[in-house]
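**Q** got a predicted structure plus its sequence, pasted below:
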Amino acid sequence: MKKHLILFLTLFCMVTGFGQKLSKNKKAIIQSVENHKEELIKISDSIWALAELAFEEKESSRILADYAEKNGLKVTRGVADIPTAFTATYGSGKPVISILGEFDALPGISQQATPEKNPLKEGAAGHGCGHNMFGTSSLGAAIAIKELMEAGKIKGTVKFLGTPAEEKYFAKVWMVKAGLWDDVDVNVSWHPSAGIEADVQSGLSLVDFIVEFYGQAAHASADPWNGRSASDALELYTTGINYYREHILPTSRIHYHIQDGGQVVNVVPDYAKLWVRVRDPKRSKMLPTYERVKAMAEGAAIMANVDYKISLVSGIYETLVNRAGGEIMQANLELLGPITYTEEEQAFGKAIQKATGKPEVGMDSNIYPLKETEKNPGGGSTDVGDVSWNVPNINLGVTVAPKGTPWHSWAVVACGGMSIGHKGMVYAAKAMGMTMLDLFENPKMVEKVKEEFKTRKGNEVYEPMIDGPPPLNGK
């Protein structure tokens with residue numbers, strides 16, 4: 001019986017990491033993040049309050065780049081012809097480990113750090129995806145690695161990439177095309193979440209495009225026969241899309257947003273515009289749907305006797321999963337253990353859940369095991385996918401909001417501006433820093449991650465879905 005108990009405890013410790021000792025270098029990573037903790041929280045809160053939208057993140061980008069520079073990293077601003085994109089590097093030689101940092105907000109979800117809906121400024125933007133914490137945490141991890149390099153404990157190059165406009169235009173696609181990951185061995189990333197897990201699930205590929213219709217204006221009552229209505233074409237087009245939904249793959253999605261359907265009621269509108277998005281877990285299956293939806297625009301234009309134009313905004317790949325990297329991250333999560341929450345934080349989480357109609361169970365402090373299957377990509381999309389098709393990517397999710405919280409909503413904004421979000425941000429910095437350290441210290445780990453990347457990518461040739469420069473003017 002005693003032997004069985006000893007065996008059980010041994011296996012338990014091996015699987016969970018419980019009882020394992022932190023190395024001196026991993027303790028140094030944790031201590032570095034703790035040393036910078038108050039400053040990182042201040043930076044995150046500043047970006048949270050700024051809530052700048054895609055390609056408009058001038059102050060958010062500057063704050064992060066300035067702090068990187070202050071801490072001895074070499075900063076290059078305005079990379080890939082994007083004013084708010086930047087790199088911050090330290091060290092030399094191999095391996096080159098990069099880490100991503102996002103910082104753009106979402107429109108219309110401004111919110112105070114309270115568990116009841118209460119905007120800071122009505123109609124303004126808010127960080128409903130936690131990107132104020134995303135970029136800040138990743139920079140904290142990069143600085144921790146830099147300090148170990150500076151102390152002569154590890155060798156190689158750490159590369160922080162400030163990546164704007166993830167929510168709308170997917171700036172990483174232009175950054176990939178500019179070659180910013182060409183010298184990188186492994187990339188590390190994270191995303192704010194409602195639980196702690198080494199993320200080995202993919203996302204959805206997608207393509208965004210604009211459809212514009214051009215007709216002939218006329219008086220809507222006096223001589224409508226002289227008009228050719230662009231809004232008629234728009235309505236015919238969206239009707240076609242909605243009928244087509246029945247005949248697409250169950251995994252696919254089509255969304256649209258009408259941006260201009262005419263200005264006044266007594267004029268036959270000569271112009272109409274809508275933004276269209278097509279998604280699927282596999283880019284190869286998304287592309288035929290995209291071609292069909294584009295063709296439907298021509299049909300709508302013919303029926304309404306108007307002209308039309310289609311403009312590609314951008315498109316992104318699904319994320320290429322790397323389980324070898326996920327296992328490295330998972331081991332470090334087990335070493336760190338769960339996040340602990342105060343009674344006040346649990347009460348805040350339950351209040352958020354009550355306000356959004358979710359079970360009032362509070363904050364989730366579990367560390368979830370590595371998922372055994374990759375058949376649940378979820379509903380989200382990210383331009384991290386394009387990075388992952390060019391370099392092996394290790395991804396992490398960390399709790400910054402209570403279980404069941406609607407994402408891209410005021411509720412996430414509220415949590416990101418107070419201690420629940422702060423704790424998740426600090427935790428993520430430690431977990432990513434420790435994982436990066438493993439890669440710097442263990443060349444065999446790097447090779448294993450790279451080998452899986454090559455196997456999974458196979459013969460696929462990456463083709464960025466962009467046409468021209470990034471739409472910095474929003475068009």
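**A** In hand now; what should we look at? Residues are numbered from 1 along each chain as shown.

**Q** can you give me the strands for the stretch 351-475 of the chain?
**A** 393-399 (DSSP state E, counting those that start in this stretch).

**Q** oh, that last question was meant for the chain, not what I typed.
**A** Applying DSSP state E to the chain gives strands spanning 74-77, 86-92, 96-101, 156-162, 186-193, 197-199, 205-214, 218-219, 253-260, 267-268, 271-280, 307-316, 393-399.

**Q** so which of the ones you listed gets nearest His131?
**A** strand 186-193 (7.9 Å; C-beta to C-beta). For every residue, glycine as well, the C-beta is placed using N, CA and C.

**Q** reformat the strands of the chain as JSON lines; add mean neighbour count, mean pLDDT and distance to Gly179.
**A** JSON lines is the format used below for the strands of the chain (neighbours: other C-beta atoms under 10 Å; pLDDT from 0 to 100; distance: least, C-beta to C-beta, whole Å):
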{"stretch": "strand 74-77", "mean neighbour count": "14", "mean pLDDT": "98", "distance to Gly179": "13"}
{"stretch": "strand 86-92", "mean neighbour count": "21", "mean pLDDT": "98", "distance to Gly179": "11"}
{"stretch": "strand 96-101", "mean neighbour count": "26", "mean pLDDT": "98", "distance to Gly179": "13"}
{"stretch": "strand 156-162", "mean neighbour count": "25", "mean pLDDT": "98", "distance to Gly179": "12"}
{"stretch": "strand 186-193", "mean neighbour count": "26", "mean pLDDT": "97", "distance to Gly179": "14"}
{"stretch": "strand 197-199", "mean neighbour count": "25", "mean pLDDT": "94", "distance to Gly179": "26"}
{"stretch": "strand 205-214", "mean neighbour count": "22", "mean pLDDT": "97", "distance to Gly179": "22"}
{"stretch": "strand 218-219", "mean neighbour count": "15", "mean pLDDT": "96", "distance to Gly179": "52"}
{"stretch": "strand 253-260", "mean neighbour count": "14", "mean pLDDT": "96", "distance to Gly179": "31"}
{"stretch": "strand 267-268", "mean neighbour count": "19", "mean pLDDT": "96", "distance to Gly179": "49"}
{"stretch": "strand 271-280", "mean neighbour count": "21", "mean pLDDT": "97", "distance to Gly179": "27"}
{"stretch": "strand 307-316", "mean neighbour count": "19", "mean pLDDT": "97", "distance to Gly179": "18"}
{"stretch": "strand 393-399", "mean neighbour count": "26", "mean pLDDT": "97", "distance to Gly179": "17"}
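
**Q** Throw the ones you listed into TSV and include distance to Pro406, thanks.
**A** Output for the strands of the chain, formatted as TSV (distance: least, C-beta to C-beta, whole Å):
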stretch	distance to Pro406
strand 74-77	35
strand 86-92	32
strand 96-101	24
strand 156-162	28
strand 186-193	13
strand 197-199	19
strand 205-214	20
strand 218-219	44
strand 253-260	17
strand 267-268	39
strand 271-280	19
strand 307-316	23
strand 393-399	15
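
**Q** for Ile109, find the nearest of the ones you listed.
**A** Nearest to Ile109, of those and by C-beta to C-beta, is strand 186-193 at 14.4 Å.

**Q** that closest one pairs with which strands, and in what direction?
**A** Strand 186-193 sits in its sheet next to strand 96-101 (parallel), strand 393-399 (parallel), going by DSSP bridges.

**Q** how about residues contacting the shortest one?
**A** In other words, strand 96-101. Residues outside strand 96-101 that contact it (C-beta atoms under 8 Å, 6 or more residues apart in numbering) are 64, 134-136, 138-139, 141-142, 145, 156-163, 172, 181, 183-189, 384, 387, 391, 432, 436, 439-440.

**Q** 6 Å instead?
**A** Outside of strand 96-101, the residues within contact range by C-beta atoms under 6 Å, 6 or more residues apart in numbering are 135, 138-139, 141-142, 157-163, 183-189, 436, 439.

**Q** re the thing from before, Leu287 is nearest to which of the strands of the chain?
**A** strand 205-214 (7.7 Å).

**Q** how far off centre is the closest one?
**A** 21 Å (C-alpha atoms, centre = their mean, to the nearest Å).

**Q** please enumerate the helices of the stretch 251-400 of the chain.
**A** All helices of the stretch 251-400 of the chain, identified by DSSP state H, counting those that start in this stretch, fall at 283-304, 323-336, 343-355, 384-388.

**Q** out of those helices, which one sits most buried?
**A** Comparing those by mean neighbour count (mean count of other C-beta atoms under 10 Å), helix 384-388 ranks first with a mean of 26.

**Q** counting by contacts, list what that helix packs against.
**A** Packing partners of helix 384-388 (3 or more C-beta pairs under 6 Å, 6 or more residues apart in numbering; DSSP states H and E): helix 172-177.

**Q** relative to Trp48, which of the strands of the chain is closest?
**A** It's strand 186-193; of these, that one is closest to Trp48 (C-beta to C-beta) at 11.7 Å.
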